[in-house]
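In: One predicted model, sequence on top.
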Amino acid sequence: MKRMVLAGVALAALFFAAGAVFASNGVKECVPKGTYQAILTPDLKGGCPTKAGLSYKLEELGKEGPEGKQGEQGKEGPPGPSGSSHGYSATSSNVAIAEGKNLVPTPVVSVKVPPGKYMVWASGNLKGHEAAVDCALAGGPYVTYTFEEARLPYALNSTVSLPSGGEIALLCEDEVSGHPAPEAETNEITALKVDEIN
């Protein structure tokens with residue numbers, strides 16, 4: 001009976017000592033420096049056991065490791081879009097517009113640009129007598145402006161891609177003939193070069 005009591009006391013002391021190690025220093029294990037070796041628990045003094053031909057290191061589990069070395073710099077990526085634009089503009093005034101159907105349209109105002117993609121705007125005023133003027137900008141669809149005896153403002157916009165550069169123009173023609181030719185005045189065209197047109 002006395003031996004059982006002593007054994008119980010010794011076992012309690014063992015658990016108390018082990019708990020003290022874990023509580024004061026965190027959970028620690030003896031990690032072998034070699035491969036294919038078992039991980040061991042520390043002894044009662046908090047150290048790692050010594051075995052012939054084996055070497056252990058006391059490590060705290062869950063502890064944050066040292067910061068790693070900075071990795072190598074990655075390869076330079078491809079160049080992105082320029083993010084810039086360039087505008088081109090031109091003006092004209094008092095341009096007589098060709099009359100009748102099946103005629104070559106009159107270039108009212110135009111601007112020369114280098115290769116690229118462009119957003120284009122044109123505006124001005126039409127004046128004449130009983131005219132029906134059709135105008136198209138940068139190869140876009142024709143828009144009809146009908147008026148009798150007054151000045152009628154016009155405004156068009158379009159987009160165009162010119163791989164080799166060239167001239168961007170506003171073309172107009174008058175469907176009605178037999179009267180004084182209508183005119184386009186205070187005409188202005190602006191072409192803005194952009195990276196992409198979506």
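Out: Sure, I can see it. Numbering: from 1, shown residues only.
In: And this structure, what are its domain boundaries?
Out: 2-60, 86-194 (automatic domain parsing).
In: Give the rounded mean pLDDT of the first one.
Out: Per-residue pLDDT values over domain 2-60 give a mean of 66.
In: what are the pairing partners of the strand ranked longest in the chain, and which direction each?
Out: The longest strand of the chain (DSSP state E) is strand 116-137. Strand 116-137 has its sheet partners listed here by DSSP bridges as strand 143-162 (antiparallel), strand 166-174 (antiparallel), strand 183-194 (antiparallel).
In: Looking at these, which one is packed in the most?
Out: strand 166-174 (a mean of 22; mean count of other C-beta atoms under 10 Å). Quick note: C-beta positions are derived from backbone N, CA and C, even for glycine.
In: ok so, going back, buried residues of the longest strand of the chain, list them for me.
Out: 116, 118-124, 126, 128, 131, 133-137 (16 or more other C-beta atoms under 10 Å).
In: go on, stretch 54-61?
Out: Under 16+ other C-beta under 10 Å, the buried positions of stretch 54-61 are Tyr56.
In: Off-centre distance for that stretch?
Out: Distance of stretch 54-61 from its chain centroid, counting by C-alpha atoms, centre = their mean, to the nearest Å, is 50 Å.
In: same deal with stretch 162-169?
Out: 28 Å.
In: for stretch 122-141, same thing?
Out: With C-alpha atoms, centre = their mean as the basis, the mean position of stretch 122-141 lies at 38 Å from the chain mean.
In: can I assume Ala169 is in contact with Lys112?
Out: No. Ala169 is not in contact with Lys112 according to C-beta atoms under 8 Å; the separation is 9.8 Å.
In: which residue sits closest to Ala38, ignoring its sequence neighbours?
Out: Once flanking residues are discounted, Ala38 sits nearest to Pro32: 7.2 Å by C-beta to C-beta, 6 or more residues apart in numbering.
In: what about that neighbour, neighbour count?
Out: Pro32: 16 surrounding residues under other C-beta atoms under 10 Å.
In: List the contacts of it.
Out: Taking C-beta atoms under 8 Å, 6 or more residues apart in numbering, we find Pro32 in contact with 38-40, 54-56.
In: quick one: Lys33 from Gly65, how far?
Out: Computed as C-beta to C-beta, to the nearest Å, the Lys33 to Gly65 distance reads 16 Å.
In: And for Tyr142?
Out: Following C-beta to C-beta, the distance that separates Tyr142 from Gly65 is 73 Å.
In: So these two - more neighbours on which side?
Out: For Tyr142 versus Gly65, the count of surrounding residues by other C-beta under 10 Å is larger for Tyr142: 14 against 6.
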